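A.B. asks: please find the sequence and the predicted model below.
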Amino acid sequence: MIYMYDIAKAYKSPTGKRIILHPTTLAIPSHRAVAILGRNGAGKSTLLRMIAGVEPPDQGRIVRTSSLSWPLGFGGGVHQHLTGRQNAQMIADLHGADLDAVVDFVVDFAELGDYIDMSVDTYSSGMKARLNFAISFAIDFDCYLIDEATATGDKRFKEKSLAAFNDRRSRSGLLFISHSPNTVRQFCDMGIVLRRGRLVPFENLEEAIRYYESEPGL
C-alpha cells in the first residue's frame, strides 16, 4: 500500500500561490492497476514524484509498504556521469539483484549499441529514456510508476516496451498518470481523479472517467 498522511503541495507562481494538492489523507493500493487522471497542468507528475520519494511534500508524510519503481521516463534512477552499463550495475547492486542478469537485460532492451559504455550525459533525451525504461524493467518492483507523457522511441521500441510492461503488469501493481481516458482503459481497473488540488478515488474506473469528464479545467 501507499499511505498518504495529510500531504499538501504548492508552488509560487507569477500569479500567486499555485496549489497542487490540498491537505490529503488517502491509501492507494499498490497491487492494483490504478489510473490517476488529471488535466494538463493539474500536478499529476508532481504527485507521482512525491509518491516515488523524488520530491518532498510541503507537509505530511508518505508511507510505502511495497517496493516502487522511480517514475518511468523521469531518469531519477540514472546517474548522469556513469555509463549506461555502470548505471545498470549500480541499480542491480542497490536492489540486491543478479548483476549479470540485470546488465544483460539492459544491454539487450535499451539497444544503445556502443553508447552503453559511454557517459549518460552524452545521451540524447530519447536514449536516456530507453536506458531508464530498461533499468526499470530489469528489476522486479511491486508497483511500477508510469507517466504517460514520458512515452518515447520509435514504433518498434514502443511495442517492445508495451510487451515488457504487460509482462510486469501480470505480477505487479501499477500507478499510471494520464489525461487520456482511452489510454488508462487499456491498463487500469480503478481510478483517482486529481481536480483543483483534490484527489477523488473511485473503485470503478468508468466512474472515475465519468467524473473526470464531467467538468473541464484543472
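C.D. replies: All right, it came through fine. Worth saying up front: this structure is predicted, and the values here are computed from it rather than measured. Residues are numbered from 1 along each chain as shown.
A.B. asks: list the contacts for the closest residue to Tyr211 other than its chain neighbours?
C.D. replies: The shortest distance from Tyr211 to any non-neighbouring residue, by Cβ to Cβ, 6 or more residues apart in numbering, is to Val193 (5.4 Å). Heads up, the C-betas are built off the backbone N, CA and C, glycines and all. Residues counted as contacts of Val193 (Cβ atoms under 8 Å, 6 or more residues apart in numbering) are 36-38, 199-200, 202, 208, 211-212.
A.B. asks: selecting buried members of those in PyMOL, what would you type?
C.D. replies: Of the contacts of Val193, the buried ones go into a single PyMOL selection, burial set by 16 or more other Cβ atoms under 10 Å:
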select buried, resi 36+37+38+199+200+202+208+212
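A.B. asks: packing partners of the lowest-mean-pLDDT helix or strand in the chain?
C.D. replies: In the chain, no helix or strand scores lower on mean pLDDT, DSSP states H and E than helix 155-169, which sits at a mean of 73. Judged by 3 or more Cβ pairs under 8 Å, 6 or more residues apart in numbering; DSSP states H and E, helix 155-169 is in contact with helix 125-138, strand 143-147.
A.B. asks: where in the chain is pLDDT low?
C.D. replies: For the chain, the stretches with pLDDT under 70 are 73-77, 149-155, 158, 216-218.
A.B. asks: walking through it, point out its strands one by one.
C.D. replies: Using DSSP state E, the strands of the chain run over residues 2-13, 16-28, 33-37, 59-64, 143-147, 173-178, 190-195, 198-202.
A.B. asks: the third one vs strand 190-195, what angle?
C.D. replies: Regarding strand 33-37 and strand 190-195, their directions subtend 20 degrees when assessed with axes from the mean of the first three to the mean of the last three Cα atoms, to 10 degrees.
A.B. asks: repeat that for the last one.
C.D. replies: Using the same axes, to 10 degrees, one finds that strand 198-202 and strand 190-195 are set 160 degrees apart in direction.
A.B. asks: repeat that for the second one.
C.D. replies: On the basis of the same axes, to 10 degrees, strand 16-28 is oriented at 160 degrees to strand 190-195.
A.B. asks: other SSEs contacting strand 16-28?
C.D. replies: Secondary-structure packing of strand 16-28 (3+ Cβ pairs under 8 Å, 6+ apart): strand 2-13, helix 44-52, strand 59-64, strand 190-195, strand 198-202.
A.B. asks: try it again at 6 Å.
C.D. replies: strand 2-13, strand 198-202 (3 or more Cβ pairs under 6 Å, 6 or more residues apart in numbering; DSSP states H and E).
A.B. asks: partner strands of the shortest one and their direction?
C.D. replies: So the one you mean is strand 198-202. Strand 198-202 has the following strand partners under DSSP bridges: strand 190-195 (antiparallel).
A.B. asks: and what of the first one?
C.D. replies: Strand 2-13 sits in its sheet next to strand 16-28 (antiparallel), strand 59-64 (antiparallel), going by DSSP bridges.
A.B. asks: sounds good, over and out.
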